[in-house]
Each structure stands twice: as C-alpha cells, then as structure tokens.
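Asker: All I have is the shape, not the residue letters:
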C-alpha cells in the first residue's frame, strides 16, 4: 500500500490526528519493505509490513515507537490524549473528541 492509500484508510477510520505519524512511517520505510496494513486497534496506530525478516528489526522497533506515541495523540486532531472507551470500543482521544467516553487512563483505583 502506498502513502496516499494509507492516509485515506487512517482518515476514514480515525481522522487527521495521526496523519503526521503515517507520514513519518513512510519516510522511514527501508528499501525492500512494503506496508501491507495500517489501522487503529485498541486505540493505537498499528502497521504491518513484509517481508518480516531479521534485517528489518530496526524498522519494527521504529513502528513500535510510533504505536506507543499514538497512544498519547488524539486520532481526530493530534492533541494530547488518553485512551477512551466509547460504545465498547477503545479510542485515543483528547477531552474535546472523547464523546463522553470513559477515560481508561484515569479510572478510579480499587480500594
């Protein structure tokens, strides 16, 4: 999948908040690697690629960092965010885009 296809998928699934992360991924793709999937799962930006070879481990580590960073960026606007449960699904959203969901990062602690 090329950059424009990836952007369309993320815009349709999430919004424009993670487009900068998508751009960073495509700027760092090693020669010989093809992005096969890019999507939101459990409030994170997930990327899959081929071939899954040992030589591309540094790229996988970079993708892990992107996934980690996406957990703190609103998928709608790119602002500071938390994980929210909205209608049974997990999203990474800022307070403005949380749609009255439950902030999973600030649940009350059991006493």
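Answerer: Right, received. Where do you want to start? For clarity, every value in this text was computed on a predicted model and none was experimentally measured. Numbers count the residues shown, from 1 in each chain.
Asker: ok, residue 20 - contacts?
Answerer: Residue 20 makes contacts with residue 78, as judged by C-beta atoms under 8 Å, 6 or more residues apart in numbering. (C-beta placed from N, C-alpha, C; glycine too.)
Asker: With residue 77 instead?
Answerer: Here residue 77 is in contact with 15, 16, 17, 94, 96, 97 (C-beta under 8 Å, 6+ apart).
Asker: let's see 7 Å
Answerer: Each residue near residue 77 by C-beta atoms under 7 Å, 6 or more residues apart in numbering is listed here: 15, 17, 94, 97.
Asker: what's the answer for residue 90, then?
Answerer: Counting by C-beta under 7 Å, 6+ apart, residue 90 makes contact with 42, 43, 83, 104.
Asker: Could you check what's spatially nearest to the first one, not counting adjacent residues?
Answerer: For residue 42, the nearest residue in space outside its immediate sequence neighbours is residue 90; the separation is 4.9 Å by C-beta to C-beta, 6 or more residues apart in numbering.
Asker: Report pLDDT for the one you found.
Answerer: pLDDT recorded at residue 90 is 93.
Asker: hang on, the earlier thing: show me which of the contacts of residue 77 is closest to residue 60.
Answerer: Set against residue 60, the nearest of the contacts of residue 77 by C-beta to C-beta is residue 17 (23.2 Å).
Asker: can you tell me how far residue 37 sits from residue 55?
Answerer: As judged by C-beta to C-beta, to the nearest Å, residue 37 and residue 55 stand 20 Å apart.
Asker: neighbour count winner among these two?
Answerer: Between residue 37 and residue 55, counted using other C-beta atoms under 10 Å, residue 37 has the larger neighbour count: 13 against 10.
Asker: Now do the SS call for that one.
Answerer: Assigned by DSSP: H, G, I helix; E, B strand; the rest coil, the conformation of residue 37 is strand.
Asker: pLDDT value on it, please?
Answerer: pLDDT, read off for residue 37, is 97.
Asker: Assumed the residue nearest to residue 42 was part of a strand.
Answerer: Yes: checked against three-state DSSP, residue 90 lies within a strand.
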